[in-house]
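Visitor: Pasted the sequence and its predicted model underneath.
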Amino acid sequence: MNTLGKNIRLTSYGESHGEVVGAVLDGFPAGYTFDKSYIQKQLDRRRPGQSSISTPRNEADEVIINSGIFEGKTTGAPIHFQLQNNNAKPKDYSHLKEVYRPSHADYTYEARYGKGNRDYRGGGRSSARVTAGWVAGGALLQQWLETQKNIQIGAYVKQIGVIRLEEEATYYAQHMVDANIVRCPNAEVATQMIEAIEQAKKDKDSLGGIIQCVIKGVPAGLGNPVFDKIDSALGHAMLSINAVKGFELGGGFEMSSKRGSEVNDAFETINGIPTTKTNNSGGVQGGITNGMDIVFSVAFKPTATIGVVQSTLNTKGEAVELAATGRHDPCVVPRAVPIVETLAAMVVGDFLL
(Lines give C-alpha, C1' and ligand atoms only; values in the text may rest on other atoms or scores of the structure.)
Protein backbone atom coordinates (compact mmCIF):
# COMPACT_ATOMS: atom_id res chain seq x y z
CA MET A 1 0.00 0.00 0.00
CA ASN A 2 2.87 2.38 0.78
CA THR A 3 5.67 0.38 -0.87
CA LEU A 4 6.82 0.40 -4.49
CA GLY A 5 9.02 -2.27 -6.07
CA LYS A 6 10.01 -5.91 -5.60
CA ASN A 7 13.79 -6.27 -5.68
CA ILE A 8 14.33 -2.68 -4.61
CA ARG A 9 11.56 -1.44 -2.36
CA LEU A 10 10.69 2.16 -1.56
CA THR A 11 8.42 2.62 1.45
CA SER A 12 6.92 6.08 1.85
CA TYR A 13 5.81 7.76 5.09
CA GLY A 14 4.66 11.13 6.45
CA GLU A 15 1.94 13.74 5.99
CA SER A 16 1.87 17.24 4.53
CA HIS A 17 1.89 19.02 7.89
CA GLY A 18 3.35 16.34 10.14
CA GLU A 19 6.82 16.69 11.63
CA VAL A 20 8.62 14.89 8.79
CA VAL A 21 8.16 13.15 5.45
CA GLY A 22 10.46 10.61 3.89
CA ALA A 23 11.08 7.09 2.67
CA VAL A 24 13.04 3.91 3.34
CA LEU A 25 14.87 2.32 0.41
CA ASP A 26 15.58 -1.39 0.88
CA GLY A 27 17.49 -3.72 -1.45
CA PHE A 28 19.92 -1.19 -2.89
CA PRO A 29 23.33 -2.74 -3.71
CA ALA A 30 26.20 -2.43 -1.24
CA GLY A 31 29.48 -0.72 -2.06
CA TYR A 32 28.15 2.11 -4.19
CA THR A 33 29.89 5.46 -3.66
CA PHE A 34 27.24 7.81 -2.41
CA ASP A 35 26.76 11.34 -3.80
CA LYS A 36 24.30 13.23 -1.62
CA SER A 37 24.48 16.32 -3.86
CA TYR A 38 22.80 14.42 -6.72
CA ILE A 39 19.87 13.53 -4.48
CA GLN A 40 19.68 17.05 -3.10
CA LYS A 41 19.58 18.53 -6.59
CA GLN A 42 16.52 16.49 -7.51
CA LEU A 43 14.87 17.47 -4.23
CA ASP A 44 15.62 21.13 -4.97
CA ARG A 45 13.84 20.75 -8.32
CA ARG A 46 10.77 19.33 -6.54
CA ARG A 47 10.68 21.52 -3.45
CA PRO A 48 7.88 24.06 -2.86
CA GLY A 49 8.48 27.81 -3.00
CA GLN A 50 10.97 27.62 -5.85
CA SER A 51 9.29 30.07 -8.23
CA SER A 52 6.37 32.43 -8.81
CA ILE A 53 4.32 29.64 -10.41
CA SER A 54 4.62 27.21 -7.49
CA THR A 55 3.08 27.15 -4.02
CA PRO A 56 4.39 29.90 -1.71
CA ARG A 57 5.11 27.27 0.96
CA ASN A 58 8.87 27.43 1.42
CA GLU A 59 10.65 24.27 2.51
CA ALA A 60 14.42 23.83 2.21
CA ASP A 61 13.98 20.05 1.89
CA GLU A 62 17.53 19.30 2.95
CA VAL A 63 17.66 15.53 3.10
CA ILE A 64 18.80 13.74 6.26
CA ILE A 65 20.10 10.19 5.77
CA ASN A 66 19.96 8.15 8.96
CA SER A 67 21.07 4.68 7.89
CA GLY A 68 22.49 2.50 5.13
CA ILE A 69 25.56 4.67 4.42
CA PHE A 70 29.01 4.12 5.95
CA GLU A 71 32.24 5.88 4.99
CA GLY A 72 30.61 7.33 1.90
CA LYS A 73 29.30 4.03 0.51
CA THR A 74 26.06 2.08 0.65
CA THR A 75 26.14 -0.92 2.97
CA GLY A 76 23.22 -2.92 1.60
CA ALA A 77 21.16 -2.06 4.67
CA PRO A 78 17.91 -0.07 4.38
CA ILE A 79 18.56 3.60 3.61
CA HIS A 80 16.41 6.05 5.55
CA PHE A 81 15.69 9.44 3.97
CA GLN A 82 14.07 12.11 6.14
CA LEU A 83 12.93 15.67 5.37
CA GLN A 84 11.71 18.14 7.97
CA ASN A 85 8.45 20.05 7.58
CA ASN A 86 9.70 23.44 8.77
CA ASN A 87 7.16 25.71 7.07
CA ALA A 88 3.93 23.92 7.92
CA LYS A 89 0.94 26.11 8.76
CA PRO A 90 -1.86 23.71 9.76
CA LYS A 91 -4.16 26.53 10.93
CA ASP A 92 -4.43 27.68 7.30
CA TYR A 93 -6.51 24.58 6.61
CA SER A 94 -8.94 24.59 9.55
CA HIS A 95 -11.74 25.74 7.22
CA LEU A 96 -11.41 22.41 5.36
CA LYS A 97 -11.92 20.20 8.41
CA GLU A 98 -15.65 19.69 7.82
CA VAL A 99 -15.74 20.20 4.02
CA TYR A 100 -15.10 17.90 1.06
CA ARG A 101 -13.08 19.68 -1.61
CA PRO A 102 -14.30 18.93 -5.16
CA SER A 103 -11.99 16.46 -6.96
CA HIS A 104 -9.75 16.06 -3.89
CA ALA A 105 -9.27 12.97 -1.71
CA ASP A 106 -11.19 14.35 1.29
CA TYR A 107 -14.36 12.30 0.80
CA THR A 108 -12.66 9.14 -0.45
CA TYR A 109 -10.21 9.05 2.48
CA GLU A 110 -13.14 9.21 4.90
CA ALA A 111 -14.97 6.55 2.91
CA ARG A 112 -11.89 4.34 3.22
CA TYR A 113 -10.74 5.05 6.78
CA GLY A 114 -13.89 6.36 8.47
CA LYS A 115 -15.12 9.81 9.43
CA GLY A 116 -12.85 11.74 11.72
CA ASN A 117 -9.73 9.88 10.57
CA ARG A 118 -8.79 12.30 7.79
CA ASP A 119 -5.80 14.61 8.21
CA TYR A 120 -7.20 17.76 6.62
CA ARG A 121 -3.98 19.79 7.08
CA GLY A 122 -2.89 20.36 3.50
CA GLY A 123 -4.35 17.01 2.49
CA GLY A 124 -2.34 14.96 4.97
CA ARG A 125 -1.21 11.72 3.38
CA SER A 126 -2.93 12.55 0.09
CA SER A 127 -0.73 15.62 -0.40
CA ALA A 128 2.02 15.73 -3.02
CA ARG A 129 4.26 16.81 -0.13
CA VAL A 130 4.90 13.11 0.57
CA THR A 131 6.55 12.70 -2.85
CA ALA A 132 9.68 14.34 -1.42
CA GLY A 133 10.64 10.97 0.06
CA TRP A 134 10.02 9.25 -3.27
CA VAL A 135 12.35 11.68 -5.03
CA ALA A 136 15.09 11.16 -2.43
CA GLY A 137 15.05 7.37 -2.80
CA GLY A 138 14.47 7.38 -6.56
CA ALA A 139 17.27 9.89 -7.15
CA LEU A 140 19.77 7.41 -5.73
CA LEU A 141 18.55 4.85 -8.28
CA GLN A 142 18.73 7.47 -11.03
CA GLN A 143 22.32 8.27 -10.12
CA TRP A 144 23.20 4.55 -10.00
CA LEU A 145 21.65 3.95 -13.44
CA GLU A 146 23.65 6.82 -14.94
CA THR A 147 27.01 5.95 -13.43
CA GLN A 148 26.82 2.14 -13.45
CA LYS A 149 24.59 1.30 -16.42
CA ASN A 150 24.87 4.39 -18.66
CA ILE A 151 21.08 4.75 -18.57
CA GLN A 152 19.84 8.35 -18.65
CA ILE A 153 16.37 9.52 -17.68
CA GLY A 154 15.09 12.93 -18.71
CA ALA A 155 11.60 14.39 -18.33
CA TYR A 156 10.22 17.76 -19.38
CA VAL A 157 6.95 19.64 -19.58
CA LYS A 158 5.21 18.87 -22.88
CA GLN A 159 1.94 20.72 -22.30
CA ILE A 160 0.29 23.19 -19.92
CA GLY A 161 -3.43 23.71 -20.47
CA VAL A 162 -3.87 24.03 -24.25
CA ILE A 163 -0.28 25.21 -24.86
CA ARG A 164 1.73 22.31 -26.27
CA LEU A 165 5.30 21.68 -27.35
CA GLU A 166 4.87 20.28 -30.85
CA GLU A 167 8.12 18.36 -31.15
CA GLU A 168 9.12 14.70 -31.39
CA ALA A 169 9.97 13.07 -28.08
CA THR A 170 13.61 13.87 -27.36
CA TYR A 171 16.03 13.34 -24.51
CA TYR A 172 16.95 16.75 -23.10
CA ALA A 173 19.81 17.27 -20.65
CA GLN A 174 18.71 18.62 -17.28
CA HIS A 175 20.26 22.06 -17.79
CA MET A 176 18.15 22.53 -20.93
CA VAL A 177 14.96 21.57 -19.11
CA ASP A 178 15.77 23.78 -16.12
CA ALA A 179 16.57 26.83 -18.25
CA ASN A 180 13.14 28.23 -17.27
CA ILE A 181 10.80 27.83 -14.30
CA VAL A 182 8.16 25.81 -16.19
CA ARG A 183 10.74 23.18 -17.32
CA CYS A 184 9.82 23.23 -21.00
CA PRO A 185 12.95 23.01 -23.22
CA ASN A 186 11.59 25.47 -25.77
CA ALA A 187 11.95 29.08 -24.58
CA GLU A 188 9.12 30.50 -26.70
CA VAL A 189 6.61 27.83 -25.68
CA ALA A 190 7.80 28.06 -22.06
CA THR A 191 6.99 31.79 -21.98
CA GLN A 192 3.42 31.09 -23.11
CA MET A 193 3.07 28.33 -20.50
CA ILE A 194 4.30 30.61 -17.70
CA GLU A 195 1.88 33.34 -18.75
CA ALA A 196 -1.00 30.83 -18.73
CA ILE A 197 -0.13 29.62 -15.21
CA GLU A 198 0.24 33.17 -13.92
CA GLN A 199 -3.17 34.06 -15.35
CA ALA A 200 -4.76 31.00 -13.73
CA LYS A 201 -3.13 31.99 -10.43
CA LYS A 202 -4.50 35.53 -10.81
CA ASP A 203 -7.94 34.06 -11.42
CA LYS A 204 -7.58 31.88 -8.27
CA ASP A 205 -7.82 28.88 -10.58
CA SER A 206 -5.47 26.12 -11.74
CA LEU A 207 -4.14 24.31 -14.81
CA GLY A 208 -3.05 20.77 -15.66
CA GLY A 209 -0.62 19.49 -18.23
CA ILE A 210 1.55 16.69 -19.59
CA ILE A 211 5.09 15.57 -18.77
CA GLN A 212 7.02 13.53 -21.32
CA CYS A 213 9.85 11.25 -20.25
CA VAL A 214 12.62 9.65 -22.32
CA ILE A 215 14.86 6.87 -20.97
CA LYS A 216 18.04 6.27 -22.99
CA GLY A 217 20.35 3.27 -22.87
CA VAL A 218 17.98 0.58 -21.61
CA PRO A 219 19.06 -2.78 -23.07
CA ALA A 220 16.68 -5.05 -24.97
CA GLY A 221 15.07 -7.85 -22.97
CA LEU A 222 14.06 -6.03 -19.78
CA GLY A 223 10.59 -6.94 -18.54
CA ASN A 224 8.43 -10.03 -18.14
CA PRO A 225 5.19 -11.48 -19.42
CA VAL A 226 2.34 -11.31 -18.58
CA PHE A 227 1.47 -9.31 -15.48
CA ASP A 228 5.00 -8.05 -14.85
CA LYS A 229 5.56 -6.00 -17.99
CA ILE A 230 7.93 -3.06 -17.67
CA ASP A 231 5.35 -0.70 -19.19
CA SER A 232 2.67 -1.83 -16.73
CA ALA A 233 5.14 -1.22 -13.88
CA LEU A 234 5.87 2.26 -15.23
CA GLY A 235 2.14 2.92 -15.51
CA HIS A 236 1.61 1.76 -11.93
CA ALA A 237 4.34 4.09 -10.65
CA MET A 238 3.21 7.11 -12.67
CA LEU A 239 -0.46 6.70 -11.79
CA SER A 240 0.59 6.68 -8.13
CA ILE A 241 1.69 10.33 -8.43
CA ASN A 242 -0.81 12.84 -7.08
CA ALA A 243 -3.07 14.43 -9.72
CA VAL A 244 -2.06 11.99 -12.48
CA LYS A 245 -5.02 10.88 -14.60
CA GLY A 246 -3.36 9.42 -17.67
CA PHE A 247 -0.35 7.38 -18.83
CA GLU A 248 0.58 6.50 -22.39
CA LEU A 249 3.53 4.72 -23.93
CA GLY A 250 5.04 5.77 -27.26
CA GLY A 251 2.34 6.75 -29.74
CA GLY A 252 -0.29 6.03 -27.09
CA PHE A 253 -3.91 6.93 -27.73
CA GLU A 254 -3.22 8.53 -31.11
CA MET A 255 -2.35 5.11 -32.54
CA SER A 256 -5.87 3.87 -31.88
CA SER A 257 -7.17 5.94 -34.82
CA LYS A 258 -4.52 4.76 -37.30
CA ARG A 259 -3.81 1.64 -39.34
CA GLY A 260 -1.19 -0.92 -38.46
CA SER A 261 0.71 -0.03 -41.62
CA GLU A 262 1.04 3.52 -40.28
CA VAL A 263 2.32 2.78 -36.80
CA ASN A 264 4.12 -0.59 -36.93
CA ASP A 265 7.84 -0.21 -36.16
CA ALA A 266 9.76 -1.80 -39.06
CA PHE A 267 13.03 -3.54 -38.24
CA GLU A 268 16.53 -2.85 -39.53
CA THR A 269 20.03 -3.65 -38.29
CA ILE A 270 22.65 -1.16 -37.15
CA ASN A 271 26.09 -2.63 -36.52
CA GLY A 272 24.50 -6.05 -36.53
CA ILE A 273 21.99 -5.16 -33.80
CA PRO A 274 18.24 -5.37 -34.52
CA THR A 275 16.58 -1.99 -34.13
CA THR A 276 13.50 -0.23 -35.45
CA LYS A 277 13.20 2.62 -37.94
CA THR A 278 10.50 4.30 -35.86
CA ASN A 279 9.61 4.14 -32.17
CA ASN A 280 5.84 4.24 -32.00
CA SER A 281 6.03 1.39 -29.47
CA GLY A 282 7.88 3.65 -27.05
CA GLY A 283 10.74 1.20 -26.61
CA VAL A 284 8.56 -1.63 -25.30
CA GLN A 285 6.91 -4.52 -27.16
CA GLY A 286 5.08 -7.35 -25.44
CA GLY A 287 5.97 -5.77 -22.10
CA ILE A 288 9.71 -6.19 -22.79
CA THR A 289 12.20 -3.51 -23.85
CA ASN A 290 13.44 -3.64 -27.46
CA GLY A 291 16.55 -1.48 -27.03
CA MET A 292 15.02 1.75 -28.30
CA ASP A 293 14.44 4.75 -26.03
CA ILE A 294 11.58 4.22 -23.61
CA VAL A 295 9.17 7.09 -24.22
CA PHE A 296 6.05 7.77 -22.17
CA SER A 297 3.77 10.66 -21.25
CA VAL A 298 1.97 11.43 -17.99
CA ALA A 299 -1.16 13.61 -17.81
CA PHE A 300 -1.84 15.74 -14.73
CA LYS A 301 -5.23 17.22 -13.90
CA PRO A 302 -5.52 20.83 -12.66
CA THR A 303 -4.84 21.32 -8.95
CA ALA A 304 -8.05 20.51 -7.06
CA THR A 305 -7.77 23.14 -4.32
CA ILE A 306 -8.62 26.53 -5.86
CA GLY A 307 -9.89 29.91 -4.72
CA VAL A 308 -12.83 29.97 -7.14
CA VAL A 309 -16.17 29.49 -5.34
CA GLN A 310 -17.38 25.90 -5.81
CA SER A 311 -20.46 23.99 -4.71
CA THR A 312 -19.73 21.02 -2.45
CA LEU A 313 -20.86 19.17 0.68
CA ASN A 314 -19.76 19.25 4.28
CA THR A 315 -19.25 16.13 6.41
CA LYS A 316 -22.92 16.29 7.48
CA GLY A 317 -24.04 16.02 3.86
CA GLU A 318 -25.21 19.63 3.69
CA ALA A 319 -24.71 21.71 0.54
CA VAL A 320 -22.14 24.47 1.05
CA GLU A 321 -19.97 26.75 -1.02
CA LEU A 322 -16.20 26.69 -0.76
CA ALA A 323 -13.52 29.16 -1.84
CA ALA A 324 -10.41 27.40 -0.57
CA THR A 325 -7.54 29.30 0.98
CA GLY A 326 -4.06 28.16 1.97
CA ARG A 327 -0.90 27.58 -0.07
CA HIS A 328 -1.34 25.58 -3.26
CA ASP A 329 0.32 25.25 -6.65
CA PRO A 330 -1.66 26.89 -9.48
CA CYS A 331 -0.12 24.11 -11.60
CA VAL A 332 1.68 21.07 -10.18
CA VAL A 333 3.30 20.02 -13.46
CA PRO A 334 6.69 21.85 -13.38
CA ARG A 335 7.53 20.52 -9.90
CA ALA A 336 6.49 16.99 -10.91
CA VAL A 337 9.29 16.60 -13.48
CA PRO A 338 11.79 15.16 -10.95
CA ILE A 339 9.05 12.95 -9.47
CA VAL A 340 8.47 11.36 -12.88
CA GLU A 341 12.21 10.89 -13.44
CA THR A 342 12.96 9.34 -10.07
CA LEU A 343 9.98 6.97 -10.08
CA ALA A 344 10.99 5.86 -13.59
CA ALA A 345 14.45 5.17 -12.17
CA MET A 346 12.88 3.09 -9.39
CA VAL A 347 11.07 0.93 -11.94
CA VAL A 348 14.02 0.44 -14.31
CA GLY A 349 16.39 -0.22 -11.39
CA ASP A 350 13.99 -2.75 -9.93
CA PHE A 351 13.92 -4.72 -13.20
CA LEU A 352 17.70 -4.55 -13.64
CA LEU A 353 18.32 -5.93 -10.16
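Guide: That came through fine. These numbers come from a predicted model, not from an experiment.

Visitor: Quick one: neighbours of Lys204, just the number.
Guide: 14 (other C-beta atoms under 10 Å). Backbone N, C-alpha and C define where each C-beta goes, glycine included.

Visitor: Got phi/psi on Phe247?
Guide: Dihedral pair for Phe247: phi -140, psi 130, per degrees, to the nearest 10.

Visitor: Now do the contacts for it.
Guide: 234-235, 238-239, 296-299 (C-beta atoms under 8 Å, 6 or more residues apart in numbering).

Visitor: Would you mind measuring from Asp106 to Gly18?
Guide: 17 Å (C-beta to C-beta, to the nearest Å).

Visitor: Could you check which of the two is surrounded by more residues?
Guide: Taking other C-beta under 10 Å, Asp106 and Gly18 do not tie; Asp106 has more neighbours (25 against 18).

Visitor: okay, the more buried one: pLDDT?
Guide: Residue-level confidence at Asp106 comes out at 92, pLDDT.

Visitor: just Arg101 next, same as before
Guide: Reading off the model, Arg101 has pLDDT 92.

Visitor: isn't it right up against Ala323?
Guide: No - Arg101 lies out of contact with Ala323 (C-beta atoms under 8 Å); the separation is 11.0 Å.

Visitor: These two: which is more packed in?
Guide: Each of Arg101 and Ala323 has its neighbours counted (other C-beta under 10 Å); Arg101 has more, 18 against 11.

Visitor: Enumerate every residue touching that one.
Guide: 304-305, 312, 322, 324.

Visitor: how does it look with 10 Å?
Guide: 107, 120, 123, 304-306, 310, 312, 322, 324 (C-beta atoms under 10 Å, 6 or more residues apart in numbering).

Visitor: Now go through those residues and say which are in strands.
Guide: The strands in this structure, assigned by DSSP state E, contain 310, 312, 322 from these.

Visitor: follow-up on the earlier one: quick one: which of the contacts of Phe247 is the most crowded by neighbours?
Guide: Counting by other C-beta under 10 Å, top hit in these: Val298 with 30 neighbours.

Visitor: show me where this structure has helices.
Guide: Ranges of helices in the chain, per DSSP state H, are 36-46, 106-113, 131-149, 174-177, 187-202, 230-238, 260-263, 333-352.

Visitor: Please name whichever of those helices is nearest to Leu10.
Guide: Proximity to Leu10 (C-beta to C-beta) singles out helix 131-149 among the helices of the chain, at 4.6 Å.

Visitor: Looking at the contacts of Phe247, which one is closest to Ala136?
Guide: Closest to Ala136 out of the contacts of Phe247 is Met238 (18.1 Å), distances taken as C-beta to C-beta.

Visitor: Could you report the neighbour count for Asn80?
Guide: Not Asn; residue 80 is His. 21.

Visitor: what's the pLDDT at it?
Guide: Confidence score, pLDDT, at His80: 98.

Visitor: Confirm for me that it is in contact with Ile64.
Guide: Yes - taking contacts as C-beta atoms under 10 Å, His80 lies within contact range of Ile64: 8.4 Å.

Visitor: any idea how far stretch 243-250 is from the chain center?
Guide: Offset of stretch 243-250 from its chain centre (C-alpha atoms, centre = their mean, to the nearest Å): 11 Å.
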